[in-house]
Each structure stands twice: as structure tokens, then as C-alpha cells.
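Asker: This is a predicted model, with the sequence first.
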Amino acid sequence: MGQIHHYDAVVLGGGTAGELVATGLARAGRDVALVERRLVGGVSPYFACVPSKSLLLSARRGETWEMALARRDALTGRRRDDPAAARMAEAGVTVLRGRGHVVEPGAIDVDGVRHGYDDLVVCTGSEPVVPAVDGLGDVPVWTSDEALSVPDLPRRLVILGGGPVGCEMAQVYASFGSQVTLVEASGRLLAGEAPFTGEVLADALRRMGVDLRLGAAASNAGRKDTGLRLWLSDGGTVDADRVLAAAGRRPRVEGLGLENLGVAVAPGHGLPVDETCRVPSEAGRVWAAGDVTGVARTAHAARYQARVVLSNLLGRRRTTDYRAIPRVVYTTPTVYSVGISPRQADELGIDLCTAGYDLAATARAAVEADERGRVELYADRSRGLLAGAAAAGLYAEEWMSEITLAIRAETPLSLLTDVVHAFPTYGESVEAPLRELAADL
Ligand SMILES: Cc1cc2nc3c(=O)[nH]c(=O)nc-3n(C[C@H](O)[C@H](O)[C@H](O)COP(=O)(O)OP(=O)(O)OC[C@H]3O[C@@H](n4cnc5c(N)ncnc54)[C@H](O)[C@@H]3O)c2cc1C
Ligand SMILES: NC(=O)c1ccc[n+]([C@@H]2O[C@H](COP(=O)([O-])OP(=O)(O)OC[C@H]3O[C@@H](n4cnc5c(N)ncnc54)[C@H](O)[C@@H]3O)[C@@H](O)[C@H]2O)c1
């Protein structure tokens with residue numbers, strides 16, 4: 001097998017992270033190839049962030065399913081990647097279509113053709129986990145890929161998992177008329193986040209007619225004359241026409257030839273990276289960014305890590321700081337979490353001082369005629385600084401950025417309490433809890 005070209009860098013995986021690294025390197029004059037086996041752009045524009053947010057917006061506006069599909073398919077470019085590939089070419093990136101597999105340090109095979117590189121950047125993303133449920137292979141199962149790309153509107157949909165994907169999809173499909181049952185193994189929705197967020201969301205979903213089965217896992221599945229049946233660990237059953245597996249995603253590390261670089265990945269974990277996003281390896285310069293690292297698993301975190309890799313590759317040392325990466329669920333109301341959660345604080349033995357505020361007490365809630373939601377701020381008592389926050393409320397994805405900045409910048413509470421918010425906004429809701437924390441610490 002002859003080597004056809006030696007690149008300064010090969011980026012393996014052309015999603016959110018890979019595109020950013022590859023274009024940045026090319027624009028800086030480096031000879032760079034992007035290896036992509038499916039669609040240039042990865043999952044976000046075609047199967048994840050963009051279509052899910054489009055459908056949620058259509059649901060909120062009360063559009064018909066047909067209008068929502070038309071909007072979704074236009075925004076995703078009907079899942080064609082020509083524009084994204086053209087952007088790469090314009091930036092000077094060589095796109096190598098096919099499956100990449102490292103054969104030895106400095107050499108990668110792409111569908112039978114060998115290419116050389118100085119730096120390798122692994123940006124292969126993640127893949128959905130279909131839970132091990134007996135009989136699930138015999139019934140129609142979607143992952144978010146299908147739920148966000150096909151035109152079907154199942155009459156009865158059962159969703160396995162009450163994380164961000166399960167909650168967003170429950171709201172979408174229930175809004176457009178599917179009878180939705182959501183099965184979540186732990187006792188609440190968004191199990192890793194502040195408990196009130198899952199409660200606010202559960203209330204919103206129940207009001208739309210979603211049947212929530214919390215604290216129950218699916219144990220068996222089978223076909224029925226009309227559709228399928230799921231048997232749950234709490235003895236209950238669910239009849240439906242389709243299952244949507246929303247039970248998490250795993251970093252895509254298999255089949256990449258990482259063993260040929262002496263890189264070991266612990267089962268169920270992401271590709272290990274140091275604070276510069278470099279993969280510890282004896283075999284050359286290997287970097288990683290995005291879901292494959294398993295760190296923060298959002299598009300904005302993928303872009304952040306990609307910028308860190310890019311900077312280091314261009315000779316400007318930069319390190320990551322994950323203290324204030326937002327985690328947002330774009331339902332109505334929105335759930336926004338950032339920094340440390342009460343559960344993480346418990347696990348880490350961090351003493352949190354908590355102050356909260358119900359959005360109903362803001363003038364904005366009266367104006368919007370929407371009193372749902374709450375904000376909670378968490379300060380690290382030993383440091384006297386904000387360490388985390390959570391909010392469930394309309395537009396929280398916009399008005400919580402200030403708290404994100406405060407956590408990242410370690411802004412003193414005395415200064416935060418001097419910030420003036422416009423009236424009438426939901427943003428005013430952080431003023432009272434900030435004063436409370438400043439008084440307590
Ligand atoms: C339903 C859903 C909704 C989401 N909504 C949001 C949201 O609203 N906001 C948000 O911030 N995040 C959201 N996310 C998460 C977000 O989509 C991901 O964090 C982000 O897209 C990860 O980007 P990435 O570059 O790491 O991976 P990807 O975009 O998955 O890119 C990886 C690429 O690598 C390619 N690849 C893999 N292996 C190989 C190989 N061997 N050879 C060649 N190519 C290969 C794949 O084909 C893929 O194109 C959502 C996720 C889902 C599932
Ligand atoms: N808005 C966003 O930023 C956004 C939106 C969607 C997804 N994402 C990303 O995608 C990733 C995957 O999201 P997700 O919601 O699929 O995963 P998740 O891991 O967040 O949640 C999966 C849930 O499924 C439950 N579960 C697992 N097996 C089950 C079973 N057999 N029966 C019932 N419940 C079961 C788990 O208890 C868990 O609560 C997340 O890491 C997230 O960062 C982000």
C-alpha cells in the first residue's frame with residue numbers, strides 16, 4: 001500500500017470539532033486533511049442540535065407537523081453536506097471521504113488508501129447507546145437520528161431515557177399529537193441536575209399528556225398484533241408503535257486503530273486528554289476534541305476543545321477550563337445548568353450554600369402570563385464564590401449567560417450584587433439569591 005500524501009495534520013471526523021480544527025489549520029497555511037465517513041458537519045446540523053431545536057420551536061409556535069417538517073428539512077439542508085464540503089474546500093482543507101483507521105504512528109488508512117501526517121486530531125464524536133433490553137431487536141426502534149430525520153409521526157411513542165434527548169423528544173412528539181410514554185430508570189428526569197429542574201420539566205410534560213414512568217427500566221420488549229409491548233421493572237407495561245432509545249451516548253473510540261498508537265481507552269470512557277487536549281501517547285502527536293473525549297458532550301464544548309487544540313497546534317499554548325460549560329435542555333420551559341450541580345458537590349464533598357427564587361415573583365412572569373420555574377445559585381462556602389447554578393424557565397438559555405460568566409470569571413459576590421438588571425426581565429430573578437449568598441458568606 002503506497003502512501004499518497006503526507007499532511008501536516010489529519011483530522012479524523014468532520015463534525016463540529018473536526019471542522020473547526022481543520023479550517024483553522026488550513027487558514028493558517030497548514031496542509032490539512034479532514035477524514036469523514038458520513039456527512040461533513042457531523043451530527044449537529046443534520047441529526048441533533050439543529051433539527052431538534054427547529055422542531056421544538058415549531059411546537060412552541062403551534063405549527064402543523066407538515067410545516068414543522070418543512071422547516072426542519074430546510075434548516076438541515078435535507079441532510080446534504082455539499083455546502084459544508086464546499087466551505088472546507090474554500091478554506092483549503094482536503095476532504096477525504098471514507099472510514100479512517102490509524103495503521104501506525106504517522107499513517108492513516110482511508111478506505112484502502114494510506115496517508116501520512118505529523119499531527120493527528122481525533123474528533124470522531126459519539127454514538128447512541130441502545131439499552132440491553134430483551135426483545136428490543138424484534139421491535140421498531142429509533143435513535144435520535146431517525147426521530148430527527150424521518151417524516152413519520154408515530155401514533156404511540158415510548159421513549160427510553162429521561163435525559164436531554166428523551167425530554168426534548170417527548171415534548172416534540174407530544175406537541176404534534178403522538179401519545180408519548182417516557183420511561184426513566186432513575187426516579188426523576190434529568191437525574192444528574194438539580195432536582196427542581198426535573199420536577200418543573202415533569203410537570204410541563206405531564207400537562208401536555210406525556211405519561212411519565214419514573215423509577216422504572218424497560219426489562220423486555222415484544223411484538224403485539226398492533227404494535228409492540230414493553231415490560232417494565234416496576235411490573236408495568238407500555239403499548240406503543242415505536243420505541244425511541246434515548247438512553248445516552250458513548251464516545252466513538254472503537255475501530256479507529258488507537259491501539260496502533262498505544263492509546264488505551266477504559267471501557268465506557270472517552271479518549272483521555274490532558275489540559276491542552278493532547279492524548280497521552282508515546283507514538284507521536286495525537287489530540288482530541290468533542291464528544292469522543294467524553295468531557296462535556298455538547299456542541300459548544302466541542303467547539304471550545306477544538307479551539308484549544310487549534311491554538312496549541314499553532315504554537316500558542318492554551319489549556320481548558322470546564323468549570324462553566326452550560327448544559328441546556330431546550331424544552332419549554334428551558335432547563336439551564338452550569339458549573340457544579342448539587343449532586344456533584346455531594347460526590348466531591350463540597351459544601352454548597354444555596355439560594356433560590358421562584359420566577360413567579362418577577363414582573364416578567366406576570367407580563368408573559370407564565371409563572372413556571374425557578375433559579376437556584378450554588379456558592380462554594382469555602383471559596384466564597386459562585387460555583388454552579390440551575391434554572392428552569394422561559395428563555396433561561398439567554399438570561400443565564402451572566403451567571404456563567406460570573407462562575408468562569410470568579411466574580412466576587414459583592415460585585416455581582418451591584419449589577420442592575422433591566423425591568424421587567426427574568427434576569428432580575430438572580431438579584432435576590434445573589435444578595436442572600438453575599439450576606440451568608
Ligand atoms: C438529539 C441531540 C440533540 C442535541 N442537541 C444539542 C444542542 O441543542 N446543543 C448542544 O450544544 N449540543 C447538542 N447535542 C450534542 C451535540 O450534537 C454534540 O455534542 C456535538 O455534535 C459533538 O460534535 P463532535 O464534533 O464531537 O462529533 P460529531 O458531530 O458526531 O462528528 C463526528 C464525526 O466523525 C465521523 N467519524 C467517526 N468515526 C470516523 C472514522 N473512523 N472515519 C471517518 N469519520 C468518522 C462521523 O461520521 C461524524 O461525522 C445534541 C445531541 C443529540 C444526539
Ligand atoms: N440541548 C443539549 O445540549 C443536548 C440535547 C440532547 C442531547 N445532548 C447530549 O447528548 C448526550 C446524550 O443524551 P441522552 O439524553 O441520550 O443521555 P443521558 O445519558 O443524559 O440520559 C439517559 C437517561 O436514560 C436513562 N436510561 C438508561 N437506560 C435506560 C433504560 N433501559 N430504561 C429507562 N431509562 C434508561 C438513564 O437513567 C438516563 O437518565 C448528552 O450527554 C447530552 O450532552 C445535549
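Answerer: Yep, that arrived. Ligands and ions are numbered 1, 2, ... in the order given.

Asker: what residues does the protein put near ligand 2?
Answerer: Residues of the chain found near ligand 2 (C-beta under 6 Å from any ligand atom) are 131, 133, 160-166, 168, 183-186, 191, 217-218, 246-249, 297-298, 328-330. For the C-beta atoms, the positions are set from N, CA and C on the backbone; glycine is no exception.

Asker: Report the mean per-residue pLDDT for stretch 158-167.
Answerer: The pLDDT scores in stretch 158-167 average 98.

Asker: thinking again about what came up before, give me the subset of the residues of the chain next to ligand 2 that also touch ligand 1.
Answerer: Under the cut-off given by C-beta under 6 Å from any ligand atom, ligand 1 has 165, 297-298, 330 from these close to it.

Asker: State the pair within these that is farthest apart.
Answerer: For these, the maximum inter-member distance is 15.2 Å, found between 297 and 330 (C-beta to C-beta).

Asker: Tabulate the ones next to ligand 1 among the residues of the chain next to ligand 2 in JSON lines, adding columns for neighbour count.
Answerer: Output for those, formatted as JSON lines (neighbours: other C-beta atoms under 10 Å):
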{"residue": "165", "neighbour count": "24"}
{"residue": "297", "neighbour count": "20"}
{"residue": "298", "neighbour count": "20"}
{"residue": "330", "neighbour count": "19"}
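
Asker: Cross the residues you listed against helices and list the overlap.
Answerer: With helices taken from DSSP state H, the overlap with those comprises residue 165.

Asker: which one among the ones next to ligand 1 among the residues of the chain next to ligand 2 gets closest to ligand 1?
Answerer: The nearest member of those to ligand 1, counting by C-beta to the nearest ligand atom, is residue 298 at 3.4 Å.

Asker: Flag the least confident of the ones next to ligand 1 among the residues of the chain next to ligand 2.
Answerer: residue 297 (94).

Asker: I figured that residue hits residue 291, correct?
Answerer: Yes: Residue 297 is in contact with residue 291 according to C-beta atoms under 8 Å; the separation is 5.1 Å.

Asker: Overlap in contacts, those two.
Answerer: 126, 249 (C-beta atoms under 8 Å, 6 or more residues apart in numbering).

Asker: what's near enough to touch the residue nearest the centre of the chain?
Answerer: Centroid check for the chain by C-alpha atoms, centre = their mean gives residue 298 as the closest residue, at 3.4 Å. Neighbour list for residue 298: 325-328 [criterion: C-beta under 8 Å, 6+ apart].

Asker: now residue 16
Answerer: 41-42, 44, 290, 299, 302-303, 306.

Asker: For the closest residue to it other than its chain neighbours, grab the count of nearby residues.
Answerer: By the measure of C-beta to C-beta, 6 or more residues apart in numbering, the closest residue to residue 16 outside its immediate chain neighbours is residue 302, 4.4 Å from it. The tally of other residues near residue 302 (other C-beta atoms under 10 Å) stands at 27.

Asker: what residues are up against the residue of the chain found nearest ligand 2?
Answerer: The chain approaches ligand 2 most closely through residue 163 (2.2 Å), counting by C-beta to the nearest ligand atom. Residue 163 makes contact with 190-191, 246-248, according to C-beta under 8 Å, 6+ apart.
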